[in-house]
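*Asks:* Sequence plus the predicted model coming up.
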Amino acid sequence: MSPCAPRRPSPVAQRPFCRAQPRASVLVIVMITILFTAFALVAFIEKAGNDLLVEHREAQARRLRMEAYSALEVTLAVLEDFRLATNGLHSPAEGWNDPLAFAGYTPTEDRRVEISFDDESAKISLPHATAQILSRLFQVWELSVADADATADALAGWMKHGHTYTTSVTPDYDRGPVPYEAPGRPLRSYHELAAIEKVREIFYAEDGRPNDLWRRFADNVSLLDFAKPNLNAAKPDVLQALGQFDQTQQRNLTDFTSGRGSYQTTGPGFFQNPNEADRITGGTGGNSGAFVTTISALRINLTVHDGRSQFRLSCVVTAGSAAKAVQTRATSATAKAGAASPAAAAPPPAAAAAATAQNAASRNLNYPFTLLEIRENDEIPPPPPPPPPQP
């Protein structure tokens, strides 16, 4: 061929590549399949990890739960020893403020157990509180006399059937957007305050959340049923509202029982008789007879630590029948006025037999304390801050 002759195109170069497009489609399908498989694998791993974490936490909680109840039994045993020796529990200043150390209790597996006490009977018992006592308490919180009387009146009307309102409060619960009726029994939860007319205006903010007065009410008023508060742990507001002590007397009583102020060098003290308070208050004014000096209901807070794991246990105990929980059922005033049918009045034979067997078992056990409330892994509130110093 002559060097100057034009080149003819190669037949191979002119042949179309028909197989390139099918190969690319297969590659895309494989990539998509791998992508979906990766997503499914990641989701499975995450779910499996969560399931394993839940199982681990449940197993850890079961182990710590046994430790918590063991520490609780030791605590109750120490409290019973002090109760028998001192004719009732008066204050942790008696020496039972650290019962686990007193008993020489050592947690297993290098765990750590924290314990704290809160005297539930240091508050005003709501089932025994009159409208006058509640009004004085609200006035201590610097509510006007009219607002304090109206709030106490509304609260009393919620808890008692046939209550005669003495203020301008005229509840009309059955005509609201969601009609309901006043239960005619003491509160079972502090959140019931949101359902009571006039009360919710005082204890709740505009956004519907509990305000500082709600928290102050929960800190000074107990929902449990006991006769009188314990003078050795009475809150400052309770001393002023129920005991009618002036600010100087209230401060002296609080300093004596907590070991502050002029009693800082002697440490916390306690009274064995309400009349002993006269030497602190001066014997003029106040009503120490509105109090007792023994604990009716004691809240025990236990926290078991194991590394970063925790188990919280909170229970309220009482000795004998010194305190009890509110068990009255909410009943309609109309239904209460009518006679109950015999079938409703008498429990079925099976229930009566079960109750009798349970009572017999309780007598045979002869357990020194009655559990009024017990909660697990609830948020245990910190102790309230000390009251501000009075001028």
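*Replies:* Received it, and whenever you're ready, just let me know what you need.
*Asks:* got the buried residues for stretch 71-82?
*Replies:* Within stretch 71-82, the residues scored as buried using 16 or more other C-beta atoms under 10 Å are 71-72, 74-76, 78-79, 82. In short, each C-beta sits where N, CA and C put it, glycine included.
*Asks:* What of stretch 308-328?
*Replies:* For stretch 308-328, the neighbour count (16+ other C-beta under 10 Å) marks 310-319, 322-323, 325-326 as buried.
*Asks:* same question, stretch 207-223
*Replies:* By 16+ other C-beta under 10 Å, the buried positions in stretch 207-223 come out as 210, 213-214, 216-223.
*Asks:* quick one: which of the residues you listed sit in strands?
*Replies:* Among those, the residues falling in strands (DSSP state E) are 221-222.
*Asks:* Go through the buried residues of stretch 207-223 and name the one nearest Arg65.
*Replies:* Checking these against Arg65 by C-beta to C-beta gives Leu223 as the nearest, at 26.3 Å.
*Asks:* For the top strand by length along the chain, list the C-alpha coordinates in CSV.
*Replies:* The strand spanning the most residues in the chain, taking DSSP E as the definition, is strand 309-319. Extracted in CSV, the C-alpha atoms of strand 309-319 (Å, rounded to 0.1, in the frame of the first residue of the first chain):
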residue,chain,number,x,y,z
SER,A,309,-25.6,2.0,87.9
GLN,A,310,-28.1,3.1,90.6
PHE,A,311,-31.2,1.7,92.1
ARG,A,312,-33.5,4.0,94.2
LEU,A,313,-35.9,2.9,96.8
SER,A,314,-38.3,5.1,98.8
CYS,A,315,-40.8,3.9,101.3
VAL,A,316,-42.9,5.4,104.1
VAL,A,317,-43.3,3.3,107.3
THR,A,318,-45.3,3.7,110.5
ALA,A,319,-45.3,1.8,113.8
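*Asks:* That one packs against which elements?
*Replies:* Contacts defined by 3 or more C-beta pairs under 8 Å, 6 or more residues apart in numbering; DSSP states H and E place strand 309-319 against helix 20-86, strand 298-306, strand 369-376.
*Asks:* who wins for proximity to Leu187 among these?
*Replies:* Closest among the helices and strands packed on strand 309-319, using C-beta to C-beta: strand 369-376, at 14.2 Å.
*Asks:* Show me what the closest one is in contact with.
*Replies:* Residues outside strand 369-376 that contact it (C-beta atoms under 8 Å, 6 or more residues apart in numbering): 65, 76, 79-80, 224, 297, 311-321, 323-325.
*Asks:* gap between the two ends of stretch 249-267?
*Replies:* End-to-end distance of stretch 249-267 (C-alpha to C-alpha, to the nearest Å): 18 Å.
*Asks:* Let me see the mean pLDDT of it.
*Replies:* Averaged across stretch 249-267, the pLDDT comes to 92.
*Asks:* Val128: what's it in contact with?
*Replies:* Actually, residue 128 is His. It isn't Val. Shown in contact with His128 (C-beta under 8 Å, 6+ apart): 225-228.
*Asks:* Out of the residues you listed, which end up buried?
*Replies:* For the contacts of His128, buried by 16+ other C-beta under 10 Å: 225-226, 228.
*Asks:* Inside strands: which ones of the residues you listed?
*Replies:* Secondary structure assignment by DSSP E places 225-226 of the buried ones among the contacts of His128 in strands.
*Asks:* Sort out which one of the buried ones among the contacts of His128 lies nearest Asn275 for me.
*Replies:* Nearest to Asn275, judged by C-beta to C-beta, of the buried ones among the contacts of His128 is Lys228 at 14.0 Å.
*Asks:* ok, that closest one - contacts?
*Replies:* Each residue near Lys228 by C-beta under 8 Å, 6+ apart is listed here: 125, 128, 290-292, 296.
*Asks:* State the pair within those that is farthest apart.
*Replies:* Spatially, the most separated pair among those is Ala290 and Ser296, at 13.9 Å (C-beta to C-beta).
*Asks:* Which of the two has more residues huddled nearby?
*Replies:* Ser296 (27 against 19; other C-beta atoms under 10 Å).
*Asks:* Columns distance to Tyr263 and pLDDT on top of the buried residues of stretch 207-223, output as CSV?
*Replies:* Listed next are those as CSV, based on distance: C-beta to C-beta, whole Å; pLDDT from 0 to 100:
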residue, distance to Tyr263, pLDDT
Pro210, 34, 94
Leu213, 30, 95
Trp214, 32, 95
Arg216, 26, 95
Phe217, 29, 96
Ala218, 28, 95
Asp219, 23, 94
Asn220, 23, 96
Val221, 27, 96
Ser222, 26, 96
Leu223, 32, 95
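*Asks:* and of the buried residues of stretch 207-223, the nearest to Thr86?
*Replies:* Distance to Thr86, by C-beta to C-beta, is smallest for Ser222 among the buried residues of stretch 207-223, at 23.0 Å.
*Asks:* who touches that closest one in this structure?
*Replies:* Counting by C-beta under 8 Å, 6+ apart, Ser222 makes contact with 120-121, 123-126, 297.
*Asks:* same thing but at 6 Å, please
*Replies:* Counting by C-beta atoms under 6 Å, 6 or more residues apart in numbering, Ser222 touches 120, 123, 125.
*Asks:* Would you quantify the distance from the residue nearest to the last one when sequence neighbours are not counted to Ala234?
*Replies:* Distances taken as C-beta to C-beta, 6 or more residues apart in numbering put Phe226 closest to Ser125, at 5.0 Å, once the chain neighbours are dropped. The spacing between Phe226 and Ala234, counted by C-beta to C-beta, to the nearest Å, is 13 Å.
*Asks:* confidence score at the nearest residue to Trp96 once chain neighbours are set aside?
*Replies:* Spatial nearest neighbour of Trp96, chain neighbours left out: Phe82 (4.8 Å); criterion: C-beta to C-beta, 6+ apart. pLDDT recorded at Phe82 is 96.
*Asks:* wait, doesn't Phe82 sit right on Asn97?
*Replies:* No. Here Phe82 lies out of contact with Asn97, judged by C-beta atoms under 6 Å, at a distance of 10.6 Å.
*Asks:* Tell me where the stretch 51-200 of the chain is predicted with low confidence.
*Replies:* For the stretch 51-200 of the chain, the stretches with pLDDT under 70 are 51-57.
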